[in-house]
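[1] I'll drop the sequence and a predicted model, then ask my questions.
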Amino acid sequence: MADALMIEAHGLTKRYGSTLALAGLDLEVLRGHRWVLGRTRGQDHRVRILTTLSLPDGGSAGCGYDVVKEAAVQRNRGNCEDATLDEVLTGRQNLVMIGRLSGLRRADARAVASDLLDR
């Protein structure tokens, strides 16, 4: 992977049964640049794959490491050290997002966020 690239994906695909969640995503993000997901279908799948919480069914992707070859290593190490808060989202929305990226169902992520904020 090129030194100037922070994130790259080539032909990334993800299926859930007969549903095609990602269809050949190509992406390159240079170091020091931001990538905005926006409100598009498949954004959770892209983030989950790039953070090794889910494996792609096809293509390749990397964020300084190969998300397929090194997925187990990254999951064991954890991704929290690289996590940042989204400045546009509220604190509650950030907590829900982190819960969702960690594999919680939406309702559970909301419940955990509420519990944390109540504390």
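    Great, that's in hand. Computed from a prediction, not measured in an experiment: that's the story for all the values here.
[2] okay, now the unreliable bits of this structure?
    Residues of the chain that meet the criterion pLDDT under 70 lie in 1-3, 35-43, 64, 70-85.
[3] swap in 90 and give it another go.
    Segments of the chain classed as low confidence (criterion: pLDDT under 90) are 1-10, 12-17, 19-105, 115-119.
[4] how is it partitioned into domains?
    When the chain is parsed with automatic domain parsing, its domains come out as 1-79, 84-119.
[5] and those as TSV, adding mean neighbour count?
    C-beta coordinates here come from the backbone N, C-alpha and C atoms, glycine included. Listed next are the domains of the chain as TSV, based on neighbours: other C-beta atoms under 10 Å:
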stretch	mean neighbour count
domain 1-79	14
domain 84-119	13
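[6] which residues of the chain fall in strands?
    Using DSSP state E, the strands found in the chain span residues 5-16, 19-30, 58-62.
[7] now the ones you listed as a markdown table including distance to Val47?
    Converted to a markdown table, the strands of the chain look like this (distance: least, C-beta to C-beta, whole Å):
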| stretch | distance to Val47 |
| --- | --- |
| strand 5-16 | 11 |
| strand 19-30 | 11 |
| strand 58-62 | 11 |
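[8] among these, which comes closest to Arg105?
    Nearest to Arg105 among the strands of the chain is strand 5-16 (14.7 Å), distances taken as C-beta to C-beta.
[9] what does that closest one rub up against?
    1-2, 20-33, 35, 42, 45-46, 49-50, 54, 56-64 (C-beta atoms under 8 Å, 6 or more residues apart in numbering).
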